[in-house]
Structures are given as C-alpha cells and as structure tokens.
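In: make a model of this:
(one chain, ligands or ions: 1)
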Amino acid sequence: MQGSKVVRQSVQGKWALVTGASAGIGLALAEQLAASGANLVLTARRADRLEALAGRFIGEYGIKAQVIAVDLADPAAPQKLFSATEDSGLVIDILINNAGFGYYGEFTKGDAAWQRQMVDLNCAAVVHLTNLFLPKMVDRKRGYLMIVASTASYQPLAYMATYAATKVFDRFLAEALAHEVAKHGVMVSALCPGPTDSEFNEVAGLHQIPGRKSQSAEEVARLGLEGLVEGKPWVIPYTAGKIMVFMQRLAPRRLVSGAAAKMFRPKG
Ligand SMILES: NC(=O)c1ccc[n+]([C@@H]2O[C@H](COP(=O)([O-])OP(=O)(O)OC[C@H]3O[C@@H](n4cnc5c(N)ncnc54)[C@H](OP(=O)(O)O)[C@@H]3O)[C@@H](O)[C@H]2O)c1
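Out: Residues are numbered from 1 along each chain as shown. So this is what the prediction gives:
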C-alpha cells in the first residue's frame, strides 16, 4: 500500500498513537499512517494481533512501531499509555482516538455493565487520553488529533441509544477542540463513518440493515486522514451520509428520529 501524498507530507517521521488498532477502521488508519512514513504506537486489548501488525508494518514500510496492550475501559489505562510513551521518550504528534464499540437492541434489555463500559471506552477514555496528549501538542505548536465519531451522532438512534449518544459526545468534543487549538497549530477532526466493513456489527449484535451498503475501512481511513491533515473539523467519508446529514437539517427532529427508529427496530 502507498500512503496518500498529502498525508505523507504531514506525518512522515512523526509518532502516531492509534487506539483500537487491532481491527477494522483503527487497523486501516494505522496501516495508512505506516504507509505514509509515520512511526506507530499500536494499542488495543489483543496483544497478539498488535504484535503481528507491528512486525508487518516495520518490515513493509520501514517504520518504527511499539505495542502497548491495554483495556481502555479501565480508568487507569490512559495514564499507563501516556507514561509508557513518555518513559520511552516518544513524541506523540498524532493521536487517533478510534477504539469503540456499540450495542444494538432495546435499551432495557441490554446488559447495564456493558453499556456503562461503552461510555467508559467511547467517551471517558477519549477525554482522558486527549487531556494527557493534547497539551503537549499545544506546547510544541504542532499536532493532529482525530476522534472517530459516527454518522450515528447526527440523530438520536433508538435501539442504539447509548452508542449514538456516545458518538454525539465524541463529535462535539472534536469540533469544539478544533476551534480551541487551531491557533496553536494543532488540527482536530471528527471522523464520522457510516456503515463500514469491520468487526463492529458482530460486536454490537447488529444485523445488516436493509439498503445500507457498507464502505471499506481502507477508504474511510484514507478520507479521514486526508481531512485531518487538511484541517477539516469533521469528515463524513461517504456520499450518502453527507446527503442524509444535510437533509436531516431541514426536517423536524422528531420526524428524523422516528424514521431512524423505524429503520433500526429489531425485526420479529
Ligand atoms: N464499523 C462501522 O460501521 C462504524 C461506523 C461508524 C463509526 N464507527 C466507529 O469506528 C471505531 C472503530 O470501530 P470499528 O468499526 O473498526 O470496529 P472493530 O472492528 O470492532 O474495532 C474496534 C477496535 O476497538 C478496540 N477495542 C474495543 N474495546 C476495547 C477496549 N475495551 N480497550 C481497548 N481497545 C478496545 C478493538 O480491539 P480489541 O478487541 O483487541 O481490544 C478494535 O481494535 C469505533 O469508535 C466505532 O464507534 C464504526
């Protein structure tokens, strides 16, 4: 794989930390950063996968890569990650907050601990990691921060209620921070994918919603990284999603959330 030229110009030789790098969109983001000459800190829970990826990226792209396996739903994990990079003298110029999962089904039938864990991972860990790494970027007057949100963040989503709420949090956080830190030379972007090929549906228990074609994680990652280095505060990587978001602005909110609820209502 060859990295995109515009991404290469911005990230070559810099260190990027990618959360959720063992699968799906995070893996694709990590590979495109590696192909663009960035060095990588890869993190997720499955250390075996991360070690195999690090070995492949070092061999294929001639970059440096380190693996730090943590469970980011654990409140102590962000500090552990930060301390490990500091102790190794790594200057993290690119932070990719990607790790996340969803739950599909009726809120009242979902496991309470699992839903709480979703908030811990999708929101609390994102804030904590950003709190640790962003001030250093601001001090250095350079850096890139991506937070992976979702098109689920553009309307309340019955049957994925907690998940969609975590993704509004992520998108709002990124869009607000983009304004705060632009003056310090740091770019922040919310990547808002729609249905994307990954392990997400399997983890969430989400059956294929009819009529929803999914996009490759590679394309999502490429468009997300290009948008990040070009200074876009949010990126919706697929055309149907852009149209949907635009049309929703014109329609009454209740109509939009009602239509989404109908589309996502479990069959049978
Ligand atoms: N796929 C979609 O349709 C879609 C659409 C919109 C947004 N998104 C967002 O895209 C991001 C990536 O999802 P994906 O689609 O690539 O799903 P995925 O294939 O299931 O990948 C999720 C990644 O997160 C990691 N992860 C999960 N729980 C973790 C934990 N407790 N601690 C640390 N890492 C953890 C997983 O690694 P381990 O299991 O090894 O820990 C994996 O690397 C998520 O934020 C998701 O909300 C996905």
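
In: and the residue in the stretch 51-200 of the chain that the ligand sits nearest to, its phi and psi?
Out: Residue nearest to the ligand within the stretch 51-200 of the chain: Gly100 (2.5 Å; C-beta to the nearest ligand atom). Quick note: C-beta positions are derived from backbone N, CA and C, even for glycine. Dihedral pair for Gly100: phi -180, psi 160, per degrees, to the nearest 10.

In: in this structure it contacts Thr162, no?
Out: No - the pair Gly100 / Thr162 is not scored as a contact, 11.7 Å apart, by C-beta atoms under 8 Å.

In: so these two - more neighbours on which side?
Out: Set side by side, Gly100 and Thr162 show more neighbours around Gly100, with 27 against 18, by other C-beta atoms under 10 Å.

In: who's in contact with Tyr61?
Out: Applying C-beta atoms under 8 Å, 6 or more residues apart in numbering to Tyr61 gives the contacts Ala34, Ala35, Gly37.

In: tell me which of those residues is nearest to the ligand?
Out: Ranked by distance to the ligand (C-beta to the nearest ligand atom), these are led by Ala34 at 15.5 Å.

In: against Lys141, how distant is that closest one?
Out: Going from Ala34 to Lys141 by C-beta to C-beta, to the nearest Å gives 25 Å.

In: more crowded one of these two?
Out: Neighbours were counted for Ala34 and for Lys141 using other C-beta under 10 Å; Ala34 has more, 28 against 10.

In: now that one: phi and psi?
Out: The phi/psi pair for Ala34 (degrees, to the nearest 10) reads phi -60, psi -40.

In: tell me the predicted confidence for it.
Out: Predicted confidence (pLDDT) for Ala34: 98.

In: repeat for Arg116
Out: On pLDDT, Arg116 comes in at 97.

In: that one: neighbour count?
Out: Residue neighbour count, defined by other C-beta under 10 Å, stands at 13 for Arg116.

In: how about the secondary structure of it?
Out: Three-state assignment for Arg116 (DSSP: H, G, I helix; E, B strand; the rest coil): helix.

In: ends of stretch 13-30, what's the gap?
Out: Terminal residues of stretch 13-30 are spaced 14 Å apart (C-alpha to C-alpha, to the nearest Å).

In: hmm, that stretch touching the ligand?
Out: Yes - using C-beta under 6 Å from any ligand atom, stretch 13-30 comes into contact with the ligand via Gly20, Ala21, Ser22, Ala23, Gly24, Ile25, Gly26.

In: Throw together a ChimeraX command that grabs the buried residues out of those.
Out: In ChimeraX, this line selects whichever of those come out buried by 16 or more other C-beta atoms under 10 Å:
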select :20,21,22,23,24,25,26
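
In: farthest-separated two in the residues of stretch 13-30 next to the ligand?
Out: The most widely separated members of the residues of stretch 13-30 next to the ligand, counting by C-beta to C-beta, are Ser22 and Ile25 (11.2 Å).
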